[in-house]
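> okay, predicted coordinates and the sequence, questions at the end:
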Amino acid sequence: MNNPLLTPFVGLHGTAPFASIQLADYKPAFEAALQQARTEIDQITSNSEAPSFENTLEALEYSGQLLDRISNIFFNLNSAETSADMQQLAQELTPMLTAFSNDVSMNEALFERVKTVYNQRASLHLTPEQQLLLEKKFKGFSRNGALLNAAGKSRLREIDRDLAQYKLTFGEHVLAETQAYHLHITQEADLAGLPEGVIEAAADLAKSRELDGWVFTLDYPSYIPFVTYSDQRALRKEITLVNGRKGHQDNDNDNRAVLRNIVQLRHERAHLLGYESHAHFVLEERMAQNPATVQSFLADLCQKAWPAAQREWQQLTAFAQEELGIDQLARWDGPYVNEKLKQKLFQLDDEVLKPYFSLDRVLDGAFLVANRLFGIEFVPAPSIEKYHADVQCFEVIRNHELVAVFYADFFPRPGKRNGAWMTSFKPQYQQAGVNERPHVSIVCNFTPPTPTKPSLLTFQEVTTLFHEFGHALHGMLANTTYPSLSGTSVYWDFVELPSQWMENWCYEEEVLSLFATHYETGERIPQVYIDRIKESANFMEGMATIRQLSFGMLDMAYHAQTPDLADIKAFEKAATADISLYPDVEDACMSTSFSHIFQGGYSSGYYSYKWAEVLDADAFEAFRENGLFNPTTATAFQEHILSKGGTEHPMDLYRRFRGQDPKPDALLKRAGLV
């Protein structure tokens, strides 16, 4: 029987044949694709012609396409639609893929050819994109062990193999901990304070588990509303403590040893390659360049935000004592008291807003913004196969031509990790005169529909959708030659610019009027609600900023020097002690479920969220100054930011769009910190 992963994809626009793929297809497909990729590398190294950009760099760039295609499908589904068997298979496949990656990066004959071209670069008349590809490939070898001796290369292989498996294990443990717990409520009195829609969703979840009453889980659309609205402080405490202990308890999913191994191996790898720390290694290829710059950036923002955060904490504490009878604020009180104070100050809460933010209309709103800015249309494509019934598929069209295929996967379910992310099944690139268009996906965990209501989003979920859609635009509007420089393949502290820039549109009256209508009556969102959304945009911004900065500081504490991790909880507490507001919770430890830095790609890079906020606030000022949908501004943003990917240094791209260096003034003004 033909393996669907190894035959040409004949679906619309060459999309993946998800319905035909069985779990048993993956391993033989990977084995065949690895063999093909090795043959392609051998053809480059055995070429009798003198090394050139075309027969070495371009050949290397376009090698392994089958392997990449299969990897994209498998690992995307391992995040969005996994199972115990799939996770076990990932543990088997990862060492094979890591070994191949090491084989390429430590291939002396291949490196010699690349180095020969690199040494001739001044006389080759390369385009800026070709120059960057050459530099990236050359650095890729030197940063991955090509210059090490035999013993060093052998040790690096072991490190990379172990790191890949530990990162997988970390994520598996977090997912298992998330799914191992549920809060089962059987007494109606324990639902006090919860909105009708939240109660209905909990009843529906209980029914799906063949339980009476109501069920709440650690999935964000269930957990966040409960801790935000429940009047039952004891139950808020219970679910908060369980959430805080993920990966930090003596069971099969304990991540403490896994975390220690990841950090230790990252530092050993960096030292082996001649770097002072993992952060020094990572930041060499970032806009920030070194840990000192990051730490100075975080400290400077912290200095500006800390006075506001302290004022807000005092305001929150006084309100809790005077209005709610809570003498000492604890972590399980934060979202609840925050929401109560917000309601008092602005007469606004998410339950009032949610009827105006049905998921379908919000998605239409994102599409409308993209259409008015960039002239693209999103056409439903029911004939495209999808990996789950919840997934929506669209053809992205401009001037009757395909721009991209877009997948959207919005609801939590077993086998899907928490959070929200953008990914791709196929990058954009040009080869043999054909501009291959990308297949892009966003994956979220939003409030699902109930038997009586469509999916109604909180305003935070609205901004999350726009955020991930901004990443998707970066991928969909890519127009580069080489896949490794396309779309979101940019410096990590630049990648959040399009996503965070996109969030700004959610606060604009002109944009809200396009899509925010009541799901039952069709009534446009009242002006008073729009005004309150804008007024409340900076609510508790000081505390929110400090929270984000604390995550960045914790990331750097783990990675900017070799830390003593004998007690991970104590280490975490010390790293953030100077900017902690809530009393410490003895059992809680966020590090052991900090997937961004221990499973994902944000190690030594969590600061980039705030770094990119400086860029996005400054960039959006250009739209404010010239008109939100000014075609000249929109075209410049597309041409210099969205379509260029990583083909030039990001600061050069930014200056070309903005005509100046980014200034922090717009961010500080927007955040109410000046």
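Noted; the coordinates are in hand.
> who are the neighbours in contact with the closest residue to Leu124 other than its chain neighbours?
Distances taken as Cβ to Cβ, 6 or more residues apart in numbering put Phe53 closest to Leu124, at 6.1 Å, once the chain neighbours are dropped. All C-beta spots, glycine's among them, are computed from the backbone N, C-alpha and C. By Cβ atoms under 8 Å, 6 or more residues apart in numbering, Phe53 lies in contact with 117, 124, 126, 130, 134.
> wait, doesn't the first one sit right on Ser123?
No - under the contact definition of Cβ atoms under 8 Å, Val117 does not touch Ser123, with a separation of 10.7 Å.
> in terms of neighbours, single out the busier of these two.
Higher neighbour count among Val117 and Ser123: Val117, with 21 against 7, using other Cβ atoms under 10 Å.
> now what about the helix or strand where that one lies, what contacts it?
In this assignment (DSSP states H and E), Val117 forms part of helix 108-119. Identification of contacts with helix 108-119 by Cβ under 8 Å, 6+ apart yields 41, 44-45, 47, 50-53, 56-57, 60, 104, 124, 134-135, 137-138, 141, 146.
> mind running it again at 6 Å?
45, 51, 53, 56, 134, 137-138, 141, 146 (Cβ atoms under 6 Å, 6 or more residues apart in numbering).
> show me which of the contacts of Phe53 are buried.
Buried by 16 or more other Cβ atoms under 10 Å: 117, 126, 130, 134, out of the contacts of Phe53.
> restrict the helix or strand containing the last one to CA atoms and write it as PDB.
Applying DSSP H and E as the criterion places Leu134 in helix 128-142. Included here for helix 128-142 are C-alpha records, laid out as PDB according to Å, rounded to 0.1, in the frame of the first residue of the first chain:
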ATOM      1  CA  PRO A 128      21.200  40.800  -0.100                       C
ATOM      2  CA  GLU A 129      19.100  37.700   0.300                       C
ATOM      3  CA  GLN A 130      21.800  35.400  -1.100                       C
ATOM      4  CA  GLN A 131      24.400  37.100   1.200                       C
ATOM      5  CA  LEU A 132      22.200  36.500   4.200                       C
ATOM      6  CA  LEU A 133      21.600  32.900   3.300                       C
ATOM      7  CA  LEU A 134      25.400  32.300   2.900                       C
ATOM      8  CA  GLU A 135      26.100  33.900   6.200                       C
ATOM      9  CA  LYS A 136      23.300  32.000   7.900                       C
ATOM     10  CA  LYS A 137      24.500  28.700   6.500                       C
ATOM     11  CA  PHE A 138      28.200  29.300   7.400                       C
ATOM     12  CA  LYS A 139      27.300  30.400  11.000                       C
ATOM     13  CA  GLY A 140      24.900  27.400  11.200                       C
ATOM     14  CA  PHE A 141      27.900  25.100  10.700                       C
ATOM     15  CA  SER A 142      30.200  26.900  13.100                       C
END
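> for it, which positions count as buried?
129-130, 132-134, 136-138, 140-142.
> quick one: average pLDDT of it?
Per-residue pLDDT values over helix 128-142 give a mean of 95.
> ok, residues contacting that helix?
Contact with helix 128-142 is made by 57, 105, 111, 114, 118, 121, 481-482, 647-648, as judged by Cβ under 6 Å, 6+ apart.
> go again with 7 Å.
Contact partners of helix 128-142, identified using Cβ atoms under 7 Å, 6 or more residues apart in numbering, comprise 53, 57, 60-61, 105, 111, 114-115, 117-118, 121, 126, 480-482, 484-485, 646-648.
> now the angle from the helix holding Val117 to helix 128-142?
140 degrees (axes from the mean of the first three to the mean of the last three Cα atoms, to 10 degrees).
> how near is the closest residue to Glu172 other than its chain neighbours to Gly171?
Take Glu172 and drop its neighbours on the chain: the residue closest to it by Cβ to Cβ, 6+ apart is Gln87, 5.3 Å away. To Gly171, Gln87 is 9 Å away according to Cβ to Cβ, to the nearest Å.
> more crowded one of the two?
Gly171 (23 against 17).
> on the pLDDT front, check that one for me.
Value for Gly171, per-residue pLDDT: 95.
> wait, it sits on Gln599?
Yes - with contact defined as Cβ atoms under 7 Å, Gly171 counts as touching Gln599 (4.0 Å).
> sorry, back to before: roughly how far is the helix holding Val117 from the heart of the chain?
34 Å (Cα atoms, centre = their mean, to the nearest Å).
> buried residues, that helix. List them.
110-111, 113-115, 117-118.
> before we move on, what about stretch 351-370?
351, 353-359, 361-367, 369-370.
> longest strand anywhere in this protein?
Ranked by residue count, the top strand of the chain under DSSP state E comes out as strand 401-409.
> can you name every helix or strand that that strand contacts?
In terms of contacts (3 or more Cβ pairs under 7 Å, 6 or more residues apart in numbering; DSSP states H and E), strand 401-409 is packed against strand 392-398, strand 439-443, helix 459-476.
> could I get the average pLDDT for stretch 99-112?
Rounded mean pLDDT across stretch 99-112 is 96.
> now it, how far from the centre of its chain.
The answer for stretch 99-112 is 30 Å, by Cα atoms, centre = their mean.
> ok, now stretch 300-319?
Centre to centre, stretch against its chain (Cα atoms, centre = their mean), the figure for stretch 300-319 is 28 Å.
> quick check: which element contains Val379?
strand 377-380.
> over to Ser603?
Counting by DSSP H and E, Ser603 is part of no helix or strand.
> my guess is it contacts Ala560. True?
No - counting by Cβ under 7 Å, Ser603 does not reach Ala560; the two are 10.8 Å apart.
> host element of the closest residue to Gln295 other than its chain neighbours?
Leaving aside its chain neighbours, Gln295 sits nearest to Met556 (6.1 Å; criterion: Cβ to Cβ, 6+ apart). For Met556, the host element (DSSP H and E) is helix 541-559.
> could I get that helix in CSV with only the CA atoms?
What follows is helix 541-559 as a C-alpha-only set of coordinates in CSV (Å, rounded to 0.1, in the frame of the first residue of the first chain):
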residue,chain,number,x,y,z
GLU,A,541,-0.8,47.7,33.2
GLY,A,542,2.0,48.3,35.7
MET,A,543,1.4,44.9,37.3
ALA,A,544,0.9,43.2,33.9
THR,A,545,4.2,44.7,32.7
ILE,A,546,6.1,43.6,35.9
ARG,A,547,4.6,40.1,35.4
GLN,A,548,5.9,39.8,31.9
LEU,A,549,9.3,41.3,32.9
SER,A,550,9.6,38.7,35.7
PHE,A,551,9.2,35.9,33.2
GLY,A,552,12.0,37.4,31.1
MET,A,553,14.2,37.8,34.1
LEU,A,554,13.6,34.2,35.2
ASP,A,555,14.5,33.1,31.7
MET,A,556,17.8,35.0,31.8
ALA,A,557,18.5,33.7,35.4
TYR,A,558,18.4,30.2,34.0
HIS,A,559,20.4,30.9,30.8
